[in-house]
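Participant: Fold the following, please.
(2 chains)
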Amino acid sequence: MTTKLDSPLDVAAILAQLQRTREQLNDRKSATARIATMNFVIFVDDPAHRSWVVERAARVTGKHPSRSIVLDSTGIGEGVELSTSVTSLECATVFNEHVVIGVAGLEHGTIVRLVHDLCVPGVPLFLWWSGARFLQSRTFSGLAEAATGVLLDSSGHASGEETIRELGDFPARFPHVVLRDLAFMRLAAWQDMIAQFFDDPALREDLFSIRSLHIDSGSDAEALYLAGWLGSRLSWEPAEGRTFIDRRGKRVPFTMEHKGGRRRILRVRLASDDSTYVAELSGDDCNAVCLHVEGAKAKPMFCMPLQNVDNALLVERAILTGSRDQIFETSLLAVRGLLR
Amino acid sequence: MSGMATQIGVRAGSDGNAAPAGPNPLRAGLDTTRIAEPCNIVFFGATGDLTKRMLMPAMYNLRLADTLPVNFGIVGFSRSKLASEDFRSQMKAAVDQFSRSGPARDPLWTDFANRLSYVGGEFDDTEAFRRLRRQLEENDARLGTAGNRLFYLSTPPTVFAKIVQQLALAGLGPKDQERGWSRIVIEKPFGTNLESARALQAEVTKAFEERHVYRIDHYLGKEPVQDIMALRFANVIFEPIWNRRYIDCVQITAAETVGVEGRGGYYDGAGALRDMIQNHVLNLLALVAMESPVTPAADNIRDEKFKVLTALRPIGPDQVMKMTARGQYGPGLIDGKPVAGYRDEPSVDPDSITDTYASVKFFIDNWRWAGVPFYLRSGKRLARKMSEIAVIFNHIPHRIFGESGDAIETNTLVMKIQPEEGVSLRFNAKVPGQKMHIRAVTMDFNYGSGFGVVSPPAYERLIADAMRGDATLFTRWDAVEAAWQAVTPIVERWSASRTVDFPNYLAGSQGPQSADALLVADGREWRRI
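Facilitator: The predicted structure follows:
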């Protein structure tokens, strides 16, 4: 059921309409509970990206009892669009409420107040920020202050090294807010692949004699994060000139090259004193990664499925995991050091 | 990547043969759903019901979710004489009918089927096991499965020992292996009593070390069962009252509406006590009663479960009749439809005295639980399918609220395992109005609505764990032995006393009256099924 209202500022009218819709849809007046497990606020300012974000947000909120509030700053949408879906369970009626508000002409304080007034009280607020800038946006800061978690994509509308530099300040600015970056979350399969090399105890010592790291990737963020993750796990210190210093004080140069599809890693090459570890997308199957070791500890090639996870699932995973991700945060710190 | 002939190097996993080393620092914090190493999985009993209904659909769905390695093979082994092509057709029909993701789809199925092969033979036929070895070696070359092997015994328990012996004779055990790993998954029941379980364990350990043995209890793969630990150890509000000072009793129920469903031959030699209480239900008891493990590592959890099972107060032969009740269903109604009694089921002895219902009262002799009864029950053809753990708290020490006639109910925390999955808490509240009437209300958490995700079937989780070498959700031998020690006196006493009033409950009922009497004698009653 969809309803349109003209004024985004009339919060009372929006809430009253949501209430009316709930009453109309609730055919079981005896239902004992109305469930809402989160408020999901989505900010989008790129017209080309709008439908992509809104569709994925709807897929997530459609599964979870929630109120989603899309802040449409693209200028495409005006006024307010309200829709509600309902699922009847044995002991409760689950409502999924969607509010899309055109906020292109609104001042940041008004947007933040609007979100505050529209959120279901007492349940967490997750912010998916798909805007071009983060910390320099006062709307972002205002919403992040109130959020339990913030999700963004440093390989999306906002991208590049500047974006990651900016992100590096987030934990200090918002120490109580859980930060997730889709660009880092996409790397889970690659992290697993690289870890697999060193599951073999006979090769593990090589982790501590890595001499260089090279990554081919279609986007900066993924390559930087993968390097940051590896460096932070191995206690490497970032140094000048895109170099790490390992625990023995030796330099580990990191190089990266733009190759392959956007947001995709193409190849990772780790060289130790006497062997080279290579993981790369298979030429036969772009959804598989083949791994092999060259040199003194040579191992023949073996391949693993890449497990590319759909963005909607990544978003869902981000909001279901409510705690801070220390691995991500230390990786981000390492990247920040690299980009100094 | 199908048919890839890439040679795969030896990669020692958690149970490989390489020298011990420190943990892999790159594994810290990584998602535990990592992909297994390349391997073959061999299903013994491959044309049986479990393989068709559960195991093959689980494998297909793991492939669909990209949880399997690119290099994997599946070999079916069974008594039936079948060509590999016929086996593939049977497995496709099974996936079409039972997969949670719907019928098998191309091109995925074609690739999956290309990895299926079949070896027929008796379970004590040495030549058949040699053929199995050749098939595995061929798969290693053709599919790049690196010599890694997972043997899954989904056969009747009577042939477990034979299979293990033949695996060893064919040089398929880990001790004979030049490269890769071998693990064995053994379905329940592990033995039919303490003596036979020990004998089976002796056979298994001739070929496999304990770290290579995965005793499967599919209950442990269910999401709500894993949630028991989360509920207890990820919340601060329950643990302080999780003890004899606040808890009156614990009731654990595993009730089914189905009968023996074509398994009469097996079930008539087992019964509810051995089929359910000894494994599923005692595992639940251990999870509810154990102390907090130091870490979530497999052996830390299994250590704590073992301590609980060894603290179960032994039930002596003279106490069996006082501490237990047994039953067998007669004809009755399930969902309004008439169903036959147990003795009329196919392959069941018409004079059978096998228990289709068992209830036991256990005490745990430790500081936390001294004096708190744990009532366990499991049965077939009961009123409703329902598995749950109910923690029933003490009565309030002094009553100040409530009009005369108001019952002040005890608080009850229920962990619902199936078919509903979730947690509910019963507490007392004031009924609106001018008088201070008190009534019990329930607060519910349901997995489906709470997280909006469907829990994958337990077998998918457990097979993937075994392939990865994660034994957390599998039962260690010491726990199996302790569980048999707890129930064996009951098995023996029940077997010795053949004068029973079977059938003693109607299909579709709450179970036998003797089970009710077990609690009534303590001033308590069962929760309604």
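
Participant: Quick check: which ranges of chain A have low pLDDT?
Facilitator: In the predicted model, chain A carries pLDDT under 70 at residues A:1, A:26-36, A:88-94, A:157-159, A:307-309, A:322.

Participant: So which residues make contact with stretch B:295-311?
Facilitator: Stretch B:295-311 is contacted from outside by B:229, B:282-283, B:285-287, B:289-294, B:364-366, B:369, B:470-472, B:475-476, B:478-479, B:482-483, B:486, using C-beta atoms under 8 Å, 6 or more residues apart in numbering or on different chains. (Glycine included, C-beta is placed from N, CA and C.)

Participant: okay, that stretch in PDB with CA atoms only?
Facilitator: Only the C-alpha atoms of stretch B:295-311 are listed here, as PDB (Å, rounded to 0.1, in the frame of the first residue of the first chain):
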ATOM      1  CA  THR B 295      37.000 -20.000  24.600                       C
ATOM      2  CA  PRO B 296      34.600 -21.100  21.800                       C
ATOM      3  CA  ALA B 297      37.200 -23.500  20.500                       C
ATOM      4  CA  ALA B 298      35.900 -27.000  19.900                       C
ATOM      5  CA  ASP B 299      37.800 -28.800  22.700                       C
ATOM      6  CA  ASN B 300      37.000 -26.100  25.300                       C
ATOM      7  CA  ILE B 301      33.300 -26.500  24.700                       C
ATOM      8  CA  ARG B 302      33.500 -30.300  24.500                       C
ATOM      9  CA  ASP B 303      35.500 -30.300  27.800                       C
ATOM     10  CA  GLU B 304      32.700 -28.500  29.600                       C
ATOM     11  CA  LYS B 305      30.000 -30.800  28.100                       C
ATOM     12  CA  PHE B 306      31.900 -33.800  29.200                       C
ATOM     13  CA  LYS B 307      32.200 -32.500  32.800                       C
ATOM     14  CA  VAL B 308      28.400 -32.200  33.000                       C
ATOM     15  CA  LEU B 309      27.800 -35.700  31.600                       C
ATOM     16  CA  THR B 310      30.300 -37.200  34.100                       C
ATOM     17  CA  ALA B 311      28.500 -35.400  36.900                       C
END
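
Participant: Could I get the buried residue list for that stretch?
Facilitator: In terms of neighbour count (16 or more other C-beta atoms under 10 Å in any protein chain shown), stretch B:295-311 has its buried residues at B:Ala298, B:Ile301, B:Arg302, B:Asp303, B:Glu304, B:Lys305, B:Phe306, B:Lys307, B:Val308, B:Leu309, B:Thr310, B:Ala311.

Participant: ok, now stretch B:466-483?
Facilitator: Under 16+ other C-beta under 10 Å, the buried positions of stretch B:466-483 are B:466-471, B:473-483.

Participant: now stretch B:350-359
Facilitator: Buried residues in stretch B:350-359 (16+ other C-beta under 10 Å): B:Ser352, B:Ile353, B:Thr354, B:Asp355, B:Thr356, B:Tyr357, B:Ala358, B:Ser359.

Participant: swap in stretch B:123-141?
Facilitator: For stretch B:123-141, a neighbour-count test (16+ other C-beta under 10 Å) marks B:Phe123, B:Ala128, B:Phe129, B:Arg130, B:Arg131, B:Leu132, B:Arg133, B:Gln135, B:Leu136, B:Asn139, B:Asp140 as buried.

Participant: pLDDT on the helix or strand where the second one lies, on average?
Facilitator: If I follow you right, that is B:Ala128. Using DSSP states H and E, B:Ala128 sits within helix B:126-143. Mean pLDDT, helix B:126-143: 94.
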